[in-house]
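Asks: from the sequence below, what's the structure:
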Amino acid sequence: MTLKILDNQKSQTRDGVISFVGEDSSGSFGIQPGHARMMTVLIFGLARFCCEGGSWEYIALPGAALYFRENVLYLVTSHYLVDTEYSRISKRLAEELRVEEEELKNVRQSLKNMEEALLKQIWEMRRQGVSLT
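Replies: This next block holds a predicted model:
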C-alpha cells in the first residue's frame, strides 16, 4: 500500500508499506494492504509503519486525520516528524513539546499583559470622567 503524509509545509509518499499502526480515541489499531475503506482521527503521539524488507519507521504527530481507500493511506496533520529510530524521534517529540509549551506560556503571559493594560486604561478613562456607554 502507499502512505501519504501531508502537513501545511511538506508531504511525503512511501510505497511498499505492508503495515501501519496508529492510535485513535478507541485505542491502537493496525492497517494492512487490502483493508476496507476507513476514516478516523489519530490522537497525539507516535504511529509507525513497516515497509517491504521489514524496517519500521515512526511518525510523531500532534493528531491527524487518517483516510484509507484503495490501498492508499492518507495522514493529514498540522505537523509531523518521521524517523527510523524510536529513541531519537521520542527525544525530538519531547523537545518540540517543551518548545510548544514555552510558546504557549508566552502567549498566555502576553494576553494577561494586554488584559491588564486594557483594564488600566478603562480605569483611567473613568477616573477622568469619560463615559464608556
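
Asks: alpha carbons only for contacts and neighbour counts from here, please
Replies: Will do.

Asks: for the protein, just list every one of the strands.
Replies: 2-6, 11-14, 17-24, 27-31, 38-42, 45-51, 56-61, 64-69, 72-76, 81-83 (DSSP state E).

Asks: and these, which is most packed in?
Replies: strand 72-76 (a mean of 22; mean count of other C-alpha atoms under 10 Å).

Asks: got the contact list for it?
Replies: Outside strand 72-76, the residues that touch it by C-alpha atoms under 8 Å, 6 or more residues apart in numbering are 1-7, 64-68.

Asks: strands paired with that strand, and their directions?
Replies: Paired neighbours of strand 72-76 in the sheet (DSSP bridges): strand 2-6 (parallel), strand 64-69 (antiparallel).

Asks: apart from its neighbours in sequence, what residue is nearest the residue nearest the centre of the chain?
Replies: Nearest to the geometric centre of the chain sits residue 62, at 2.0 Å (C-alpha atoms, centre = their mean). Nearest non-adjacent residue to residue 62, counting by C-alpha to C-alpha, 6 or more residues apart in numbering: residue 44, 4.3 Å away.

Asks: neighbours of that neighbour, how many?
Replies: Using other C-alpha atoms under 10 Å, residue 44 has 14 other residues around it.

Asks: isn't it right up against residue 63?
Replies: Yes: the pair residue 44 and residue 63 passes the contact test of C-alpha atoms under 8 Å, sitting 4.4 Å apart.

Asks: residues in contact with residue 22?
Replies: 28-30, 42, 46-48.

Asks: about what we covered before: nearest to residue 56, out of the strands paired with strand 72-76?
Replies: Between residue 56 and these, the tightest spacing by C-alpha to C-alpha is seen for strand 2-6, at 13.2 Å.

Asks: ok, now which ones touch residue 18?
Replies: Neighbouring residues of residue 18 by C-alpha under 8 Å, 6+ apart: 1, 32-33, 49-52.

Asks: roughly how far apart are it and residue 102?
Replies: Distance, residue 18 to residue 102, by C-alpha to C-alpha, to the nearest Å: 38 Å.

Asks: any stretches of the chain with poor pLDDT?
Replies: For the chain, no stretch has pLDDT under 70.
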